[in-house]
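Prediction below, plus the sequence it came from.
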Amino acid sequence: MAANVDYMVVIEQDEEGWFVATVPSLPGCHTQGGSIDEVRGRIREAIEAYLGDEEAPASKFVALERIAV
């Protein structure tokens, strides 16, 4: 049985109320949903689909920072 791998997921809410999830270490891996639970399920599916693509590049997540401007 393969070991689970954890991915950092950023979840934001847009102006229209949709929740948007992005995986910084998997470029282009993102989804949206109408609730937190829905977006969590959808991002799991998106990660699985992304990892199923053998040619998809992956990068190493380094940090999530808040920068005031």
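Happy to help now that I have it.

All the strands of the chain, residue numbers only.
Using DSSP state E, the strands of the chain run over 10-13, 19-22, 30-33.

gap between the second one and the chain center?
Counting by C-alpha atoms, centre = their mean, to the nearest Å, strand 19-22 is centred 7 Å from the centre of its parent chain.

what does it contact?
When contacts are defined by C-beta atoms under 8 Å, 6 or more residues apart in numbering, strand 19-22 is touched by residues 9-14, 29-36, 38-40, 42-43, 46. Yep, even glycine has a C-beta here, placed from its N, CA and C like the rest.

What pairs with that strand, parallel or antiparallel?
Strands adjacent to strand 19-22 in the sheet, as given by DSSP bridges, are strand 10-13 (antiparallel), strand 30-33 (antiparallel).

sorry, back to before: closest to Ala68 out of the strands of the chain?
strand 10-13 (17.5 Å; C-beta to C-beta).

quick one: average confidence on that closest one?
Across strand 10-13, pLDDT averages out at 96.

How about stretch 49-56?
With pLDDT averaged residue by residue, stretch 49-56 scores 79.

residues near the nearest residue to Val10 once chain neighbours are set aside, how many?
Counting by C-beta to C-beta, 6 or more residues apart in numbering, Thr22 is the residue found nearest to Val10 once chain neighbours are left out, at 4.9 Å. Per other C-beta atoms under 10 Å, the neighbour tally for Thr22 reads 18.

try Val69
2.

please begin residue numbering at 336 from this point
Got it, first residue is 336 now, which makes that one Val404.

Find me the pLDDT at it, would you?
Val404 is given a pLDDT of 92.

Nearest residue to Tyr385 in space, ignoring adjacent ones along the chain?
Cys364 is the one closest to Tyr385 (C-beta to C-beta, 6+ apart), at 4.5 Å.

no no, Tyr342
Val358 (5.2 Å).
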